[in-house]
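Student: Following is a predicted model, sequence given first.
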Amino acid sequence: MRVFEKTKALTDMPLTYCPGCTHGIIHRLVAEAIDELGVREKTIGIAPVGCAVFAYDFFNMDMMQAAHGRAPAVATGAKRVHPDSVVFTYQGDGDLASIGAAEIMHAAARGERITTIFVNNAIYGMTGGQMAPTTLVGQVTTTSPYGRDEELCGKPIRMSEMLAQLPGAAYIARVSVHDVRHVLEAKKAIRKAFETQIAGEGFAMVEVLSTCPTNWGMTPIESLKWVESDMIPYYPLGVKKGA
Amino acid sequence: MAKMLMKGNEAIAEAAVRAGCRYFFGYPITPQNQIPEYMSKRMPQVGGTFLQAESEVSAINMVYGAAGSGARVMTSSSGPGISLKQEGISYIVGAELPCVIVNIMRGGPGLGSIQPAQSDYYQATRGGGHGDYRIPVLAPSSVPEAVELTIKAFDIADEYRTPVIVLGDGMIGQMMEPVDLPDELTRQLPAKPWAAGGRGAKPDADGADEGRRAIINSLYIDPQVLENHNIKLQGKYSRIAAEQLLFGSEMVEDADIVIVAYGTVARIVRSAIRLARAEGIKAGMIRPITLWPFPEAPIADAAKTARVFLTVEMSAGQMVDDVRLALNGARPSHFYGRTGGMVPAVRDVLDQIRRLAGAGQSPAIKEVLV
């Protein structure tokens, strides 16, 4: 009889994420997908700058830590040297949608055979809760203390929809992990994003709506509800490109 | 093999290929464009990859990824593009990754000009990006020497796990000279067991969960651990300084006036000191080939016999600081420089030499070019 066991693609290092943050769930889903596909021994993960900067301590595989926003460029270098490997980036919304906008856009445009896990929690977490390009209009952060002002800084960027426009993008999906049903759907999408790479079809990205109770100033449960009530209406879930 | 007439930029690119470079990531900028252009043609012929990145920032981070994956990899640019690469270079240093970065210098600051200059000396020899570090800097003064130093750059990079800069100027990049290219490297490139490639690729991987894994990283959040890392890096720089110094010495033994110059300027100075000798002025030249490590000891040695030193650069005076440090007040240090893409003329350098020799200006100078 098979009983539950921890996925081997995660180390035993205790996660450094805040209580109630959903990064832990997302790490687990990525690790499970890699193990289920049996590719851990040939996977290279690229950690970002942000809350997941220590991802190299948590994913039990070859890892590189990239400069802020540059993970897709680093992944490109790794994938071109080891075309048979499985390369993924794990990036937050400040990293991917702001400082790394050019890198992700061109990696997708080239149809780079990599998988990107884009964790969107609408805020800069690691640096203490500043406004991100994904911060919702009206959302209070440490650099939008009166709420994000659309006149001053525009509306948040929907990266998945934007990247789905590029011919090189083979699979783009937005998922959420705010309840069990959505966690299971997220798992399927993440697995699909790795399968897309392994099949050599092109660039694949899963945007995962995630919580930041610490910097949102909410309890973990309030945060999960806020994802559903406020984030999903602006960031609609679903497959944006590919099957 | 017969000599070939090659442009400096193309010779550097071909030398890299023969050194085993199979990955090139770059971005267009004058006056180095022939390097990426040549690589775009050559890399597919040798089973390598050329990729034109979306920016200099991306190009250097692709280098980080490829170097971290164990490849011999190169990028090239010129001043403004090298400035953009500094973030990535600092990370490459921190993660101890070997790679070669070519800077074919143009006039600055800002967009500056596209003519030859040596105004990126500080940037190259002081690290350039954030953090405490040095990068070996190789400065060719001819196209054949550019070939030799490009190949050497890859070996130094691998030996010490460091980026290495080949610092040319627009003249070296654009001029054509006969070169004797070595055959394609046949020796085994050094093993890189630290590189990423999947755990399964590790020599001792046995599929066990405890199997080693590569972590390419420059983050050391614990201050003591980071200081230890910095001490390790500094130890590496001490070894490089002791083992990799290169310089040329021409007519220094009996020289009254020693001129310090590198790259294109060294060729101009060579002509000037020959003319000075013909006039009875005992002039000689020390030519740094590695700008870091800098030939401090040879300059200090020359100061035991020479009376006065003159540094000539295509800059407002950058390397002259290192000459002054090497002299440490032992002898007077003078400077002559042109900037903005202006190349010093032989007669201008000769006038400087005459001035230091106490001679007046000569009415007629017969220019002799090398």
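Tutor: Right, received. Where do you want to start? Just so it is clear, the model here is predicted, and its values are computed rather than measured.

Student: So for the residue of chain A found nearest chain B, what's the nearest residue that isn't a sequence neighbour?
Tutor: Closest residue of chain A to chain B, CB to the nearest CB: residue A:77 (2.4 Å). For the C-beta atoms, the positions are set from N, CA and C on the backbone; glycine is no exception. Nearest residue to residue A:77, sequence neighbours excluded (CB to CB, 6 or more residues apart in numbering or on different chains): residue B:65, at 2.4 Å.

Student: Next, count neighbours for the one you found.
Tutor: 33 (other CB atoms under 10 Å in any protein chain shown).

Student: Spit out the contact partners of the residue of chain A closest to chain B.
Tutor: B:23, B:25, B:61, B:62, B:63, B:64, B:65, B:66, B:67, B:68, B:69, B:73 (CB atoms under 8 Å, 6 or more residues apart in numbering or on different chains).

Student: Sort out which of those residues are buried, if you could.
Tutor: B:23, B:25, B:61, B:62, B:63, B:64, B:65, B:66, B:67, B:68, B:69, B:73 (16 or more other CB atoms under 10 Å in any protein chain shown).

Student: Would you check that the fourth one makes contact with residue A:79?
Tutor: It refers to residue B:62. No. Applying CB atoms under 8 Å, one finds residue B:62 not in contact with residue A:79, separated by 9.8 Å.

Student: In contact with the closest residue to residue A:98 other than its chain neighbours, which residues?
Tutor: Among residues not flanking residue A:98 along the chain, residue A:133 sits closest, at 4.7 Å (CB to CB, 6+ apart). Taking CB under 8 Å, 6+ apart, we find residue A:133 in contact with A:93, A:94, A:97, A:98, A:101, A:156, A:157.

Student: My read is that the fifth one contacts residue A:70, right?
Tutor: No. The pair residue A:101 and residue A:70 does not pass the contact test of CB under 8 Å, sitting 11.5 Å apart.

Student: Please identify which of these two sits among more neighbours.
Tutor: Higher neighbour count among residue A:101 and residue A:70: residue A:70, with 31 against 16, using other CB under 10 Å.

Student: Leaving out chain neighbours, which residue sits closest to that one?
Tutor: residue B:61 (3.9 Å).

Student: pretty sure the one you found is in a helix, no?
Tutor: Yes. Using DSSP: H, G, I helix; E, B strand; the rest coil, the assignment for residue B:61 is a helix.

Student: helix or strand for the residue in chain B that chain A sits nearest to, which one?
Tutor: In chain B, the residue found nearest to chain A is residue B:65; the distance is 2.4 Å by CB to the nearest CB. Using DSSP states H and E, residue B:65 falls within helix B:56-68.

Student: cool, and residue B:228?
Tutor: Element membership for residue B:228, per DSSP H and E: helix B:223-243.

Student: May I see the buried residues of that helix?
Tutor: B:233, B:236, B:237, B:240, B:241.

Student: ditto for stretch A:124-139
Tutor: So for stretch A:124-139, counting by 16+ other CB under 10 Å, buried means A:124, A:125, A:126, A:129, A:130, A:131, A:132, A:133, A:134, A:135, A:136, A:139.

Student: Ok, stretch B:42-57 next?
Tutor: B:42, B:43, B:48, B:49, B:50, B:51, B:53, B:54, B:55, B:56, B:57.

Student: Just give the number of residues close to the closest residue to the third one other than its chain neighbours.
Tutor: When you say that, I think you mean residue B:48. Among residues not flanking residue B:48 along the chain, residue B:22 sits closest, at 3.5 Å (CB to CB, 6+ apart). Around residue B:22 there are 19 other residues, counting by other CB under 10 Å.

Student: In this structure residue B:22 contacts residue B:69, no?
Tutor: No. If you go by CB under 8 Å, residue B:22 and residue B:69 don't touch, sitting 11.3 Å apart.

Student: what's the first-to-last distance across stretch A:115-132?
Tutor: 22 Å (CA to CA, to the nearest Å).

Student: So it, near chain B or not?
Tutor: No. If you take CB under 8 Å from any CB of the partner chain as the test, stretch A:115-132 misses chain B, and the best it gets is 11.6 Å.

Student: ok, back up a step: export the helix holding residue B:228 as PDB, just CAs?
Tutor: Output of helix B:223-243 as PDB, limited to C-alpha atoms (Å, rounded to 0.1, in the frame of the first residue of the first chain):
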ATOM      1  CA  PRO B 223      27.800  38.200   7.400                       C
ATOM      2  CA  GLN B 224      30.500  35.900   8.600                       C
ATOM      3  CA  VAL B 225      29.800  33.500   5.800                       C
ATOM      4  CA  LEU B 226      30.000  36.400   3.300                       C
ATOM      5  CA  GLU B 227      33.200  37.700   4.800                       C
ATOM      6  CA  ASN B 228      34.700  34.200   4.500                       C
ATOM      7  CA  HIS B 229      33.600  34.200   0.900                       C
ATOM      8  CA  ASN B 230      35.200  37.600   0.300                       C
ATOM      9  CA  ILE B 231      38.400  36.400   2.000                       C
ATOM     10  CA  LYS B 232      38.400  33.400  -0.400                       C
ATOM     11  CA  LEU B 233      37.900  35.800  -3.400                       C
ATOM     12  CA  GLN B 234      40.800  38.000  -2.200                       C
ATOM     13  CA  GLY B 235      43.000  35.000  -1.800                       C
ATOM     14  CA  LYS B 236      42.200  34.100  -5.400                       C
ATOM     15  CA  TYR B 237      43.200  37.700  -6.500                       C
ATOM     16  CA  SER B 238      46.500  37.400  -4.600                       C
ATOM     17  CA  ARG B 239      47.200  34.200  -6.600                       C
ATOM     18  CA  ILE B 240      46.300  35.800  -9.900                       C
ATOM     19  CA  ALA B 241      48.500  38.800  -9.100                       C
ATOM     20  CA  ALA B 242      51.400  36.500  -8.300                       C
ATOM     21  CA  GLU B 243      50.900  34.100 -11.300                       C
END
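
Student: So for that helix, mean pLDDT?
Tutor: The average pLDDT for helix B:223-243 rounds to 98.

Student: ok, back up a step: among the buried residues of stretch B:42-57, which are located in helices?
Tutor: Members of the buried residues of stretch B:42-57 lying in helices (criterion: DSSP state H): B:42, B:43, B:56, B:57.

Student: Residue B:158: what's it in contact with?
Tutor: Contacts of residue B:158 by CB under 8 Å, 6+ apart are B:72, B:98, B:189, B:190, B:192.
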